[in-house]
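Student: Fold the stuff below for me.
(chains A and B)
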There are 2 protein chains.
Amino acid sequence: MKKIISQATIDRLPLYFRTLRLAEEEELPIISSDELGRRLDITPEQIRKDLATFGQFGRKGIGYDVRELKNRIGNILGLQNNWRLAIVGIGHLGGALANYVNFSSLGFSVVALLDKNEKIIGSEVNGIKVNDSARMNEVVAEKSVDIGVITVPAGEAQSVAEQLIAAGIKGIWNFAPIKLNVPPTVPLVNEDLSVGLSALSYHMSQK
Amino acid sequence: MKKIISQATIDRLPLYFRTLRLAEEEELPIISSDELGRRLDITPEQIRKDLATFGQFGRKGIGYDVRELKNRIGNILGLQNNWRLAIVGIGHLGGALANYVNFSSLGFSVVALLDKNEKIIGSEVNGIKVNDSARMNEVVAEKSVDIGVITVPAGEAQSVAEQLIAAGIKGIWNFAPIKLNVPPTVPLVNEDLSVGLSALSYHMSQK
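Tutor: Presented below is the predicted three-dimensional model:
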């Protein structure tokens, strides 16, 4: 039976995962909800409540086994699927994402790059050749792409999303600052880098 | 008197701002909490509660004036400060951020680029010359930099953060996948692109 998990809890899981991964790199064997809370600026009560949603973790008065908790959360997040990414739009941001090392350490791999600009097609980024986005269907099938990453300008994003869905991808990660219309069967996450910057602005304004 | 606002509410404000900005571009004059909720996947009750924290917005049964609400939230977020950014580490990600158009539409401007690599120093990105990061103090003062953006490798990030703070910046936006130690007087926001990707993975795993 699947439990209903609130969106807010789901949004915190990647933060927990990230913090546990850093703790694992520091070779910390055990972490308390107090320490996790301190690192994440989330109350320990909230953390215990979130983690209890997924079953019994940790031991009272001792804390959580860092590696075990990290692996459990990784499985809940579906990271064991080793999703395969295609980036569409190899400008500055697309190129930066093709080189972003953090993805591979989470099990994601960038397997295809697509662009419509003839000057970019055929060039290589991080060892991957840029394909013509007109060949999207073939490339998605050949490379077994799961996730389409959209880094084209806003005006082109909806049409690229539709091409990706027609080509058979299972999820979309959108960096274009526009609301995409996609069928509910295709999960969509919008990334806007200005959200984090705005939060920083808020904290600076309170000083 | 300053009200205490929960971290979770603060985290949602940039999302409200972004959605209202898109609605304004669509020339929508009024938006209901139902419609805002639909666009953001947040309950209308949560939205009404969040916005009530900041005073009286909107009219019952009609909705919120898009432009007015956007401007009010922009002010709460401190966007009217027109913060000035310096990016340290002009690799792929730093270069992409230097070109990211969304920042300027929010009132942020990138005014300085710094790197320690002699091959990069002196080159131009988006019309801005890359300075030697050894000249950080001078550049931060000359260009009145408010925010330091860290896009150097993880191993260099703590030392860059300390240099930025010594040079007098007021806030740090960190892209290096490492926990930085900074004094509580310097607001810090960590950005990890793999957080959004992990959330997408979760939603794809539920299918």
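Student: Which element, helix or strand, includes residue A:177?
Tutor: Counting by DSSP states H and E, no helix or strand carries residue A:177.
Student: per-residue confidence for residue A:13?
Tutor: At residue A:13, the pLDDT value in this model is 88.
Student: any low-confidence regions in chain A?
Tutor: Applying pLDDT under 70 to chain A flags residues A:1-4, A:101.
Student: Now do the helices in it.
Tutor: A:7-25, A:33-40, A:44-52, A:66-76, A:92-98, A:102-105, A:136-142, A:154-167, A:193-205 (DSSP state H).
Student: want to throw those into CSV with mean neighbour count?
Tutor: All C-beta atoms are positioned from the backbone trio N, CA, C, and that covers glycine. Converted to CSV, these look like this (neighbours: other CB atoms under 10 Å in any protein chain shown):
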stretch, mean neighbour count
helix A:7-25, 19
helix A:33-40, 17
helix A:44-52, 16
helix A:66-76, 19
helix A:92-98, 24
helix A:102-105, 15
helix A:136-142, 16
helix A:154-167, 17
helix A:193-205, 22
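Student: For chain B, which of these is the nearest?
Tutor: helix A:193-205 (2.8 Å; CB to the nearest CB).
Student: Give me the angle between the closest one and helix B:7-25.
Tutor: Interaxial angle, helix A:193-205 versus helix B:7-25 (axes from the mean of the first three to the mean of the last three CA atoms, to 10 degrees): 120 degrees.
Student: so what does helix A:193-205 touch, helix or strand wise?
Tutor: Here helix A:193-205 touches helix B:7-25, helix B:102-105, strand B:147-150, strand B:171-174, strand B:188-190, going by 3 or more CB pairs under 8 Å, 6 or more residues apart in numbering or on different chains; DSSP states H and E.
Student: Residue A:68: which of these is closest?
Tutor: With CB to CB as the criterion, residue A:68 lies closest to strand B:188-190 of those, at 24.3 Å.
Student: domains for chain A, by residue range?
Tutor: In terms of domains, chain A is parsed into A:7-78, A:82-194 (source: automatic domain parsing).
Student: Check chain A for me, the residue farthest from its geometric middle.
Tutor: Centroid-distance maximum for chain A: residue A:61 at 32.7 Å, with CA atoms, centre = their mean.
Student: Can you tell me how far that residue is from chain B?
Tutor: Here residue A:61 is placed at a distance of 25 Å from chain B (CB to the nearest CB, to the nearest Å).
Student: Name the nearest residue to residue A:203, sequence neighbours excluded.
Tutor: Using CB to CB, 6 or more residues apart in numbering or on different chains and skipping residues adjacent in sequence, the residue nearest residue A:203 is residue B:187, 3.6 Å away.
Student: Many thanks, have a good one.
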